[in-house]
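> Fold the following, please.
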Amino acid sequence: MGARSLPGLILIAVAACSWGGIGAGSSAPADLGIVAEVVSYQLVAHQAGRLLVALLTPDNRWLSFGEVGLRFSYLGDGSSAPPAPATHPPATAAFLAIPGTPEGTGRTPTLTLPADGRGVYGAEPITFDTAGYWMASASGTLGDGSLFTAEAAFNVLDHSEIPAVGMSAPRSENAVLGDPGVLASALDSRAAGDQPIPDPELHRTSIASVIARGRPALVVFSTPVYCVSRFCGPVTDLIAELAAAYADRAEFIHVEIYRDFESGIVNPAAADWLLTHSGELREPWTFLIGADGRIGGSWDTVVTRSELEPLLAALPPMQGS
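The predicted model follows:
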């Protein structure tokens with residue numbers, strides 16, 4: 001499972017980091033070599049969403065901090081018919097730092113090594129009125145005045161394949177601590193061998209139980225060890241930090257993707273939520289479930305404290321917490 005590898009140049013550039021997509025972005029001016037990849041896992045026509053773009057170079061430097069401009073063009077529905085007229089206004093995408101990366105507030109876009117800055121650029125809310133294949137062109141100016149542009153193709157679906165905001169949340173019975181016959185590594189891939197589960201507080205209750213009790217929940221689906229994007233670990237750590245700070249406002253749950261990675265066996269709860277009809281499963285995903293059992297928020301790939309914390313702070317204290 002996991003995202004499909006990117007072709008050619010991007011695969012070399014990011015080594016073990018890869019996302020699903022419809023082909024690599026074309027490189028910008030040769031002196032910069034910046035390539036783009038739309039890393040949103042699901043964009044659906046007529047639904048407001050969050051478009052995410054990663055910008056990086058073949059020598060594994062990431063474009064980090066600041067904002068970039070986005071322009072869009074419609075490529076068609078994949079058939080031989082000429083593309084129907086479809087447009088989308090330009091947008092501005094702000095840097096979303098992977099948890100643990102500096103936010104870089106006030107800085108201009110900068111090429112960084114992964115240890116100094118890593119993240120994606122996000123534009124939200126953004127709504128496409130036509131399903132099919134689109135091209136995103138990202139452009140901006142670096143701190144030294146260098147201009148860059150990079151393009152990437154992506155797909156807009158005509159219907160949701162993953163539970164979307166407003167839908168009833170699947171009542172999944174994810175495995176929890178103490179379940180007979182469940183290995184610790186099936187709860188968290190970091191608990192292989194004799195390693196303890198790093199965040200046991202995220203493995204004490206099931207999604208179904210939380211919904212039945214009428215409690216809100218923040219749920220992260222991730223596989224910190226096997227995640228192809230290497231975003232899962234930092235995102236899971238962020239959810240654990242929020243669980244310590246907002247334990248009176250919501251339940252916090254981590255669902256490990258794999259019951260047995262070597263055999264390719266996916267945990268049923270992860271399949272309930274993330275497995276598409278084509279057999280793809282991408283991670284990490286984070287969902288906010290309301291006390292009414294409906295999905296109140298959804299974040300693929302990267303999610304930040306600044307996106308989640310205001311929503312948790314706005315929740316009323318839970319009775320009996």
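> end to end, how far does stretch 278-287 reach?
22 Å (Cα to Cα, to the nearest Å).
> what mean pLDDT would you report for that stretch?
Averaged over stretch 278-287, pLDDT sits at 95.
> Flag every buried residue along it.
Applying a neighbour-count criterion of 16 or more other Cβ atoms under 10 Å, one finds 281-287 buried in stretch 278-287. (C-beta placed from N, C-alpha, C; glycine too.)
> ditto for stretch 263-282
Under the neighbour-count criterion of 16+ other Cβ under 10 Å, stretch 263-282 has 266-267, 269-275, 281-282 buried.
> Residue 307 should be in a strand, yeah?
No. Under DSSP: H, G, I helix; E, B strand; the rest coil, residue 307 sits outside any strand and is assigned helix.
> For it, report the pLDDT, please.
On the pLDDT scale, residue 307 is placed at 96.
> And it, how far from residue 206?
25 Å (Cβ to Cβ, to the nearest Å).
> Which one of the two is surrounded by more residues?
Ranked by neighbour count (other Cβ atoms under 10 Å), residue 307 and residue 206 place residue 206 first, with 21 against 16.
> which residues does the more buried one contact?
172-174, 176, 253, 269 (Cβ atoms under 8 Å, 6 or more residues apart in numbering).
> Could I have the ChimeraX command that selects the buried members from those?
Buried residues among the contacts of residue 206 (16+ other Cβ under 10 Å), as a ChimeraX selection:
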select :172,174,176,253,269
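> Export the contacts of residue 206 to JSON lines and append columns for distance to residue 234, pLDDT and secondary structure.
Output for the contacts of residue 206, formatted as JSON lines (distance: Cβ to Cβ, whole Å; pLDDT from 0 to 100; DSSP: H, G, I helix; E, B strand; the rest coil):
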{"residue": "172", "distance to residue 234": "24", "pLDDT": "98", "secondary structure": "coil"}
{"residue": "173", "distance to residue 234": "27", "pLDDT": "98", "secondary structure": "coil"}
{"residue": "174", "distance to residue 234": "21", "pLDDT": "98", "secondary structure": "coil"}
{"residue": "176", "distance to residue 234": "23", "pLDDT": "98", "secondary structure": "coil"}
{"residue": "253", "distance to residue 234": "18", "pLDDT": "98", "secondary structure": "strand"}
{"residue": "269", "distance to residue 234": "22", "pLDDT": "98", "secondary structure": "helix"}
